[in-house]
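[1] Here is my input; please provide its structure:
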Amino acid sequence: MTTRTPEIFEMEAMRHINDLYRTAKRLTRNETDCDDLIQETYMQAWRSFGQYELGTNCRAWLYKIMFNKYDHQRRKQYTQAKYFQEADEFVFELSPAKTPIPDHLTDREVIAALENLPEHYRTVVLLADVNELDYKEVSAILSIPMGTVMSRLNRARTQLRRSLSCVAQEYGIRSANLAAA
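    Take a look at the predicted model:
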């Protein structure tokens, strides 16, 4: 086994930090939580770098670490919220905001539509469509079957189409038959 040096770590792992940061930002929806998640991800990656096989898909390996850290943070926050907030406040905080679709499509509308997706759909879209990972990589990162990845991606895309269909029509784009989707 070759020794893992900081230079090798930087060459293999640090080049993916911008991709991971963008995904973490969409997951956490909070700058501070995003920074914490990235820091924890890279700290864990450095501690585990001796187990990483050089030449394999470092990006997917880092995403796997990040999603494990994110799941841990989310469970921790849920447990804390469960004990420290009343039920009504908790439900209100977790309910998605419903905003009307504006007259003109901007990045903000697309991002809002993405953020309104249930988390299990949003994570699959972020990995497959935004970060362009293949189904097999998404399946490995999220520890779910590939069929589940495909199903969630299909449902997420359908919800996004529905969310953005009125805006698309304003631009003269005919919507597909969403009732059949």
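
[2] Check which residues of the host helix or strand of residue 166 are buried.
    Per DSSP states H and E, residue 166 falls inside helix 146-170. Neighbour counts using 16 or more other CB atoms under 10 Å place 149, 152-153, 155-157, 159-160, 163-165, 167 of helix 146-170 among the buried residues. Placement of C-beta: from N, CA and C, glycine included.

[3] What residues does residue 152 make contact with?
    120-121, 124 (CB atoms under 8 Å, 6 or more residues apart in numbering).

[4] try it again with 10 Å
    Contact analysis of residue 152 by CB atoms under 10 Å, 6 or more residues apart in numbering lists 117-118, 120-125, 128, 138, 142, 144.

[5] got a winner among the residues you listed for most neighbours?
    Neighbour tally across the contacts of residue 152 (other CB atoms under 10 Å): the maximum, 28 neighbours, falls on residue 124.

[6] so it, which of the three states?
    With DSSP: H, G, I helix; E, B strand; the rest coil as the basis, residue 124 sits in helix.

[7] Also residue 55?
    coil.

[8] Residue 131: neighbour count?
    By other CB under 10 Å, the residues close to residue 131 number 19.

[9] what do you get for the one 5 residues further on?
    Counted by other CB under 10 Å, the residues lying close to residue 136 total 11.

[10] what's the nearest residue to it if we skip its chain neighbours?
    Leaving aside its sequence neighbours, residue 136 sits nearest to residue 146 (CB to CB, 6 or more residues apart in numbering; 6.2 Å).

[11] Report the contact partners of that neighbour.
    Contact partners of residue 146, counting by CB under 10 Å, 6+ apart, are 134-140.

[12] Since that was my last question, I'll sign off now.
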